[in-house]
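Enquirer: sequence plus the predicted model coming up.
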Amino acid sequence: MRFLKGHGTENDFIILPDPGGEAGVTASLVAKICDRRAGIGADGVLVVTRTKESPEVAEHAAVAEWFMDYRNADGSVAEMCGNGVRVFARYLLDEGLEKPGEFMLATRGGVRKVRVEPNGDITVDMGKPVVRGESVATVGGQEYRGIHVDMGNPHLACAIGDPVVQLDLHYQPGFDTGVFPAGVNIELFNPVGTRRAVMRVHERGCGETRSCGTGTVATAVAAAALTGETTGTWTIEVPGGTLTVVLEEETSYLSGPAVIVARGELMLAE
Ligand SMILES: N[C@@H](CCC[C@H](N)C(=O)O)C(=O)O
């Protein structure tokens with residue numbers, strides 16, 4: 001099977017072209033591919049399938065030709081991946097499967113519009129973040145209160161006060177399984193100037209990653225709430241780079257670089 005590898009601010013993905021949806025990519029194959037020692041290594045897999053060939057999203061086939069079938073590194077599926085959408089869009093553009101400008105993609109979290117910026121960055125309309133309340137994350141025995149933000153997938157974004165570099169995110173942070181029965185992506189951040197924050201993330205199904213697009217939008221929402229704002233343009237610094245988040249009343253946008261770095265033939269089997 002042919003594969004490519006790409007990343008968006010070092011949130012890295014293996015891309016598996018499967019236009020007809022016939023490959024039957026399993027959770028165990030995804031976990032093998034993403035293994036950083038025995039496999040290729042990645043935070044997740046993006047299976048590229050025509051929307052009309054994917055029963056779970058076929059209803060969107062009239063508006064979005066391609067479905068980003070996103071899988072976490074442990075093989076689990078997720079509703080949405082902001083950096084994944086941007087890398088997926090880069091792949092479609094490079095392959096001539098979509099034209100530069102604006103186009104729509106299907107995800108499990110709904111249809112997303114993407115746009116190529118004059119500087120080559122890719123912007124995604126991420127939809128309206130939904131604030132569902134507050135909850136607590138525990139890291140290294142320390143409790144941090146944060147905001148539960150639904151970006152299609154679940155997030156808990158906590159302003160922590162302590163420097164984010166000091167956090168040990170090798171382990172799953174504690175969280176309230178009553179609030180997050182399907183798990184949660186946990187962002188730990190500090191505001192560092194006007195509409196700017198530095199963030200680290202522990203992703204559901206992946207562990208710590210160097211960036212998380214949906215997580216940066218959740219962080220912008222939580223950081224804005226600290227100053228009573230709900231709109232504005234935020235710069236979020238992550239270990240893998242910098243992303244821009246625009247919060248509007250009815251939607252949000254995520255912008256940044258997305259690149260393809262390799263292509264090859266997969267020799268792993270289930
Ligand atoms: N890295 C992603 C989010 C991927 C999904 C997440 N791990 C989940 O399980 O919800 C992003 O860029 O948004």
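Expert: Okay, I see it. Numbers count the residues shown, from 1 in each chain.

Enquirer: ok, the residue most central in space within the chain - contacts?
Expert: Centroid-nearest residue in the chain, with CA atoms, centre = their mean: residue 81, separated by 3.0 Å. Counting by CB atoms under 8 Å, 6 or more residues apart in numbering, residue 81 touches 44, 46, 68, 70, 107, 153, 213-214. In short, each C-beta sits where N, CA and C put it, glycine included.

Enquirer: pLDDT (mean, whole number) over the helix or strand residue 135 falls within?
Expert: Using DSSP states H and E, residue 135 maps to strand 130-139. Strand 130-139 comes out with an average pLDDT of 98.

Enquirer: what helices and strands are in contact with it?
Expert: Under the contact criterion of 3 or more CB pairs under 8 Å, 6 or more residues apart in numbering; DSSP states H and E, strand 130-139 touches strand 142-150, strand 154-159, strand 185-191.

Enquirer: for the ligand, find the nearest of the ones you listed.
Expert: strand 185-191 (5.1 Å; CB to the nearest ligand atom).

Enquirer: hmm, back to that, so which of the contacts of residue 81 is the most crowded?
Expert: Most neighbours among the contacts of residue 81, by other CB atoms under 10 Å: residue 214, with 32 neighbours.

Enquirer: that one against residue 85, yeah?
Expert: No: with contact defined as CB atoms under 8 Å, residue 214 does not count as touching residue 85 (9.4 Å).

Enquirer: low-scoring stretches of the stretch 1-150 of the chain, by residue?
Expert: Scanning the stretch 1-150 of the chain for pLDDT under 70 picks out no residues.

Enquirer: up against the ligand, what does it have?
Expert: 11, 72, 78, 81-84 (CB under 6 Å from any ligand atom).

Enquirer: residue boundaries of the strands in the stretch 1-150 of the chain?
Expert: Taking DSSP state E, counting those that start in this stretch as the test, the strands found in the stretch 1-150 of the chain are 2-8, 11-17, 44-50, 66-72, 102-107, 110-116, 122-125, 130-139, 142-150.

Enquirer: need the contact list for residue 237.
Expert: 192, 196-199.

Enquirer: give me the PyMOL select line for these, limited to the buried ones.
Expert: In PyMOL, a selection of the buried entries from the contacts of residue 237 looks like this (16 or more other CB atoms under 10 Å):
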select buried, resi 197+198+199
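
Enquirer: restricted to strands, list the contacts of residue 237.
Expert: 196-199 (DSSP state E).

Enquirer: and those as CSV, adding pLDDT and distance to residue 135?
Expert: Shown next, in CSV, are the ones in strands among the contacts of residue 237 (pLDDT from 0 to 100; distance: CB to CB, whole Å):
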residue, pLDDT, distance to residue 135
196, 98, 25
197, 98, 19
198, 98, 21
199, 98, 17
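
Enquirer: between those, which is closest to residue 124?
Expert: residue 199 (17.7 Å; CB to CB).

Enquirer: domains in this protein, by residue range?
Expert: 2-126+257-265, 130-250 (automatic domain parsing).

Enquirer: next, the distance between the ends of the last one.
Expert: Using CA to CA, to the nearest Å, the gap from the first to the last residue of domain 130-250 comes to 10 Å.

Enquirer: what's the answer for the longest one, then?
Expert: Using CA to CA, the span of domain 2-126+257-265 from its first residue to its last is 5 Å.

Enquirer: mind checking how far the residue nearest to residue 48 when sequence neighbours are not counted is from residue 239?
Expert: The shortest distance from residue 48 to any non-neighbouring residue, by CB to CB, 6 or more residues apart in numbering, is to residue 17 (4.8 Å). Here residue 17 is placed at a distance of 29 Å from residue 239 (CB to CB, to the nearest Å).
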